[in-house]
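Participant: Take this sequence and fold it.
(chains A and B)
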Amino acid sequence: MWQVLITKILLIAALVCSNQTCFGHGEESRKVNVRLRVPAIANVISHSKQSIIINEAYLSLFSLELFPCQKYSKQAETPPGNWLDWFISSAYANHGVAFTEPTQLSVHRKINLLQATDWNIGELDIPYGNYCAINVTFAHHQRSDYSLYFSGASSSPGTASPDTVSKVAEYPFEVRGTYGFGENVAVEFAILKPTATNNNTPLSLEISIAPQAIVSELPLDNAEHHIVRHVVLGLANQLSATLVPLMPAIPHDTKKN
Amino acid sequence: MFLPYSVQFIRLILLMLCIFLSACQGEDVTPIPHIMTLTAHDENTLMSRVSVTTDSNATVVIQFDADNIDAHQTARSLNDTMHDFVVVGLRAETEYTFIALVTDENGITTESEPQKFTSGALPADAPTLELLSKNEKSMGGITFFAEADAGDSSRFFGIDEEGYIVWYLQGDNIPMSASPVIRVLDNGYLLLLLTREARIVDITGEVIVSYPLPAYHHDAILLDNGNVMALVYQTESVNGQLLKGDGIVEVDSEGNTVWEWSTFDHLDTARFPGPLSTRESNGALDWTHSNAIYHLSHDDSILLSSRSQSWVINIDHTTGEIVWIMGSSEGAADNLQDKFFTLTNGSWMASQHAPTITSVGEFLLYDNRNEAALAGNLYNSRAVRFTINTNDMTAEQRWEAIAPKYTQSLGDVDELSNANVLINSGGPGSNNDTHIIEVTSDASAETVWEIRIPGISVFRAERIAWSDVLLTSVRPSGDSPTDNETPISDLIDIANCSEATDFVDTNNRDNYIDYDLNGTTNADIFGSELAPTLSVTCDPSTLFVNSNGATNFDWVNLGPGAAAPIAVDYNWTLPRNPTLTDEQVAIPLLGPIAITVTGIQIFGPNENAADNYANPVTDGLLNYCGGHTRDYHFHQRANCFFEWPTLGGAESLLPASTPNVVVGYALDGFPILSPWECSDITCSETFKVESSYRYIGTGDYANENAWDFHSYEAALSPLDQCNGMIRPDGSYAYYATDGWPYYLACYRGPTHLLSDNNRLVRP
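Facilitator: Numbering: from 1, shown residues only, chains lettered A, B, ... in the order given. You can find the predicted model right below:
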């Protein structure tokens, strides 16, 4: 019987170790509000090759994750696994998206690029330490069919010189990103323990995406998968994240433009 | 509100000061110390050797330019401390400025101090050239050619957009033939047709491989299987008259003849349509005078250009049978009459050269028209495109561009990567000069570039973009991993293992897909253990595939918790020569069901229990290549194999929209093909293979078991419940379809080795 008891104790210990307390989180952390800002893009774009009108444009934000500096600098190291890995390694488990770390945030928001976005998208309970990267993943989810989507019309099917904007409607287009794309963006901030000089002011992680420059150069004369790559690679360069003191919140429902 | 000028001025000064200070604060990046050394190439005055030594690992690109000459950049070196380049494409006696762009492992790029280098003189016998026209529609790049009928004094040259010679190849060990040919291969290498030799060289002239050839004439081509196919003369006596015909031989890399075909076995020895076919040489009539062959990889057939017959003949490479003939059927034997097309528009070619197929499936050739209407007229020769319909056996002339001169012999035409057409009127005719022109492919056939080479003949001309010219400019450095790179034959046993030819040599960095276009691989970013390794061997009954599970394409972090990919040793064992069994065996719900031709595992069309066995494509988080996770596995067709170029310069890793392309092997040994298939054994048409499963859910993908919400309906496609079918050649294969189950839904072959590859399957 004692073997069974020891086995149960070990299993309970393993279960306990799978949660954040075992890895030194819990009270050794600080809650951080996460805010997303995306300025609206123009719905009429003209450049040297053509003019386009965008009727619909969205990005599907799937998740965020912060990486501590020591982990980010040793990217190839295997992080602590789930206890279930002992029974079924990840190679055999197909896929399961699990948000088990306090530095991970499931978002699942559809960002309408034609409107300005300024959302509180959640709260992270971030362990003290230095952070060097944030992963932002775009992917379709239950609220959106595509990871990114654009539709509208252009003044020419390809490289012809732009005519008048009135001719824009002649060539409708649709760009659909069907796959997920994640990018690790460098950040640099520390989550510090409260001290006399650091009075535990509420913090906000401000994530900004500026898609206008990417959208302005949509290569509509290319194949769809080329356009999608152009956008997702470009977005990574237009993404920034900074940690700032949390400003008093404006009630969402009463906010006026 | 308007402020006083003084206030505005002070603000401006303060603003500039802020910008200056912030810029200075940003200068905390320390450039990697490096040394760049330039030396003249010891054998070629238009090349330069460049060595860059960096204090720590970095990648390097060399940029070079000169007054009134655009800057060009080499390919990027490997992440290392030693970086050697041979820069090609320099104009003679010109002072160039070289800069090394050094990128460290954090992605920070710094420029070296510029250095000057003056190129040497041209060889004394270099031809003179005259640029006649050029406009912005020209593709640009280097145009390669060699003088015909000049014997050993001939050599290969390359000229830039302005008509300056920027490349040549010389050496006592280059035996020039009467019709020297230079061809461009997909990976930036050049194929040289020399006397009794086909030689593949890189852009610096370094020999990659050499194929000994029989006494070939006019043309030889490199096949996808690595063999070389060449035209050879054959002479036979027919009814007392000697006829000179042609043979086609295919030889492997050791010179063994593995396939032969003869005009005497297939064509009409009584047909002499014009004076060219009755020309006499050494007592033999020049009955066929073939001058070009071209391999159509989509259906493994051959185009043979017979100048004397004014025919382009399509030959099935497998059976040797003639499939069809472009040209006039007049005077053809009865057994060939059903091979011809009815031309509904335009006119057939006469005494043509260089047939090829364009990117849109039309046939393009150089039509000398010696024996056509207005033969010999100044503007009689042309480039012409035809389209054919093998169902109703009709053909149509779709386009023509009149050549700048009449050429009674020689000639070449190529479709360029920007769809323009390069035409070489290189033979004698209305004058003895060579004119090489580039025209647009639209109806106007506008000339956008033209060069005249006085007094010489040129058989063929080729154009390469600068980026491809400089693709092989990076040289392996002393301690570079490429020095230890194992030749494909050592790891992938093509000689003893026919399946091995389907696999991609992922050990070769050239076969890496750089999705994010930054010139780096997973190994560069995550460590050398992420460099893919693959070996393929066979015994009579088993295919052995060993890989480290690392992908040959950029891994992207789809989070959460996936900081980096990992490598895992995999040893796959698959049955060879599988036969269909009487029962269908379910694939395992979890773990691998198949492998790709890159040695990466393929999972079934469902997630795990925690995700309700949902469809990974509609519910999951797959990247641009159809798979995910750190220990990468596919659920969906490996789209990136067909969509993106490789570091080696191939347009895609596997040919897109093409039948008979193996994407992977199921664990029962049957191949998994990309979803394009031939309609019949001759592949007269191809079609897209679709899944026979229909989605019957409500759109709540996350909560729908993929197996419960897809229904098999036989009427939807020819595919069976396992997602496979019998092919036109009688073999069985699964298909990597667009729709669920994406690869296969069950096994129809032997399953005795499943448990060796998936430990969740019981033996």
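
Participant: Excluding sequence neighbours, find me the nearest residue to B:P718.
Facilitator: Sequence neighbours aside, B:M725 is the residue nearest to B:P718 in space, at 5.0 Å (criterion: Cβ to Cβ, 6 or more residues apart in numbering or on different chains). In this view, the C-beta of every residue, glycine as well, is placed from N, C-alpha and C.

Participant: A:L61 against A:F138, yeah?
Facilitator: Yes - contact criterion Cβ atoms under 8 Å: A:L61 and A:F138 qualify, at 6.0 Å.

Participant: Tell me which stretches of the stretch 1-150 of chain A form strands.
Facilitator: Assigned by DSSP state E, counting those that start in this stretch, the stretch 1-150 of chain A shows strands spanning A:29-38, A:44-46, A:51-68, A:104-112, A:117-127, A:129-138, A:148-154.

Participant: got those strands as CSV, with mean pLDDT columns?
Facilitator: What follows is those, written out as CSV (pLDDT from 0 to 100):
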stretch, mean pLDDT
strand A:29-38, 92
strand A:44-46, 85
strand A:51-68, 91
strand A:104-112, 91
strand A:117-127, 92
strand A:129-138, 90
strand A:148-154, 92
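
Participant: could you dump those strands to CSV with distance to chain B and mean neighbour count?
Facilitator: As requested, these are exported to CSV (distance: least, Cβ to the nearest Cβ, whole Å; neighbours: other Cβ atoms under 10 Å in any protein chain shown):
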stretch, distance to chain B, mean neighbour count
strand A:29-38, 14, 19
strand A:44-46, 22, 15
strand A:51-68, 5, 22
strand A:104-112, 4, 18
strand A:117-127, 12, 17
strand A:129-138, 4, 22
strand A:148-154, 12, 21
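
Participant: Turn the ones you listed into TSV, columns for distance to B:S430.
Facilitator: Compiled in TSV, the strands of the stretch 1-150 of chain A are given as follows (distance: least, Cβ to Cβ, whole Å):
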stretch	distance to B:S430
strand A:29-38	65
strand A:44-46	49
strand A:51-68	48
strand A:104-112	65
strand A:117-127	68
strand A:129-138	61
strand A:148-154	46
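
Participant: Please identify which of these is closest to B:I423.
Facilitator: Comparing the strands of the stretch 1-150 of chain A by their distance to B:I423 (Cβ to Cβ), the top pick is strand A:148-154, with 33.3 Å.

Participant: What strands flank the closest one, and is each parallel or antiparallel?
Facilitator: The strands that strand A:148-154 pairs with in its sheet are strand A:51-68 (antiparallel), strand A:171-177 (antiparallel) (by DSSP bridges).

Participant: sorry, back to before: could you look up the SS state of the residue nearest to B:P718?
Facilitator: strand (DSSP: H, G, I helix; E, B strand; the rest coil).

Participant: correct me, but it touches B:T737?
Facilitator: No - using Cβ under 8 Å as the test, B:M725 is too far from B:T737 to be in contact (11.1 Å).

Participant: Looking at the two now, which is surrounded by more residues?
Facilitator: Each of B:M725 and B:T737 had its neighbours counted (other Cβ atoms under 10 Å in any protein chain shown), and the higher figure belongs to B:T737 (25 against 18).

Participant: The more buried one belongs to a helix?
Facilitator: No - going by three-state DSSP, the assignment for B:T737 is coil, not a helix.

Participant: show me what contacts the closest residue to it other than its chain neighbours?
Facilitator: The spatial neighbour of B:T737 that comes closest, neighbours along the chain excluded (Cβ to Cβ, 6+ apart), is B:S691 at 4.1 Å. B:S691 makes contact with B:L716, B:S717, B:L719, B:N723, B:T737, B:D738, B:G739, B:W740, B:P741, B:Y742 under the criterion Cβ atoms under 8 Å, 6 or more residues apart in numbering or on different chains.

Participant: Could I get the pLDDT score of the residue nearest to B:F272 when sequence neighbours are not counted?
Facilitator: Distance criterion Cβ to Cβ, 6+ apart; nearest residue to B:F272, sequence neighbours excluded, is B:T278 at 5.2 Å. pLDDT for B:T278: 94.

Participant: And for B:T278, the neighbour number?
Facilitator: The burial metric for B:T278, expressed as a neighbour count using other Cβ under 10 Å, is 12.

Participant: low-scoring stretches of chain B, by residue?
Facilitator: Per-residue confidence for chain B (pLDDT under 70) gives these ranges: B:1-29, B:172, B:186-187, B:476-489, B:561-562, B:620.

Participant: Which parts of the stretch 451-600 of chain B are strands?
Facilitator: Taking DSSP E, counting those that start in this stretch as the criterion, the stretch 451-600 of chain B contains strands spanning B:458-464, B:474-475, B:534-538, B:542-547, B:570-575, B:585-586, B:592-596.

Participant: Tell me which of those sits most buried.
Facilitator: Counting by mean count of other Cβ atoms under 10 Å in any protein chain shown, strand B:592-596 has the highest mean neighbour count of the strands of the stretch 451-600 of chain B, with a mean of 28.

Participant: Run through who's touching the following helix or strand past it.
Facilitator: Tracing the chain C-terminally past strand B:592-596 and defining elements by DSSP states H and E, one meets strand B:601-603 next. Applying Cβ under 8 Å, 6+ apart, the set of residues contacting strand B:601-603 from outside is A:91, A:94, B:549, B:570, B:590-596, B:616, B:632-635, B:664, B:672, B:743.

Participant: How far off centre is strand B:601-603?
Facilitator: Between the mean C-alpha location of strand B:601-603 and the chain-wide mean there is a distance of 27 Å, by Cα atoms, centre = their mean, to the nearest Å.

Participant: List the neighbouring strands of it plus their orientation.
Facilitator: Paired neighbours of strand B:601-603 in the sheet (DSSP bridges): strand B:592-596 (antiparallel), strand B:633-634 (parallel).

Participant: roughly how far out does the last one sit from the chain middle?
Facilitator: Put simply, strand B:633-634 sits 26 Å off its chain's centre (Cα atoms, centre = their mean).

Participant: Give me the residues contacting whichever helix or strand comes after it.
Facilitator: Moving toward the C-terminus from strand B:633-634, the first helix or strand encountered (DSSP H and E) is helix B:640-643. Outside helix B:640-643, the residues within contact range by Cβ under 8 Å, 6+ apart are A:223, A:225, B:513, B:515, B:553, B:596, B:598, B:624-626, B:652-657, B:663, B:674.

Participant: Do a quick rundown of the helices in the stretch 201-350 of chain B.
Facilitator: B:263-266 (DSSP state H, counting those that start in this stretch).

Participant: And chain B, by the same measure?
Facilitator: Listed from the start of the chain, chain B has helices (DSSP state H) covering B:5-25, B:263-266, B:466-469, B:488-491, B:522-526, B:616-619, B:640-643, B:754-757.

Participant: Nearest spatial neighbour of B:E704, chain-adjacent residues omitted?
Facilitator: Using Cβ to Cβ, 6+ apart and skipping residues adjacent in sequence, the residue nearest B:E704 is B:G697, 4.6 Å away.

Participant: Of the contacts of B:S691, grab the buried ones for ChimeraX.
Facilitator: To isolate the buried subset of those in ChimeraX, counting by 16 or more other Cβ atoms under 10 Å in any protein chain shown, use the following:
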select /B:717,719,723,737,739,740,741,742
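
Participant: of the contacts of B:S691, closest to B:N639?
Facilitator: Comparing these against B:N639 with Cβ to Cβ picks out B:D738 as the nearest, at 9.7 Å.

Participant: what about A:E206, helix or strand, and which?
Facilitator: Short version, using DSSP H and E: A:E206 is in strand A:203-209.

Participant: hang on, the earlier thing: and the residue nearest to B:P718, what does it touch?
Facilitator: Applying Cβ under 8 Å, 6+ apart to B:M725 gives the contacts B:V689, B:P718, B:L719, B:Y732, B:A733, B:Y735.
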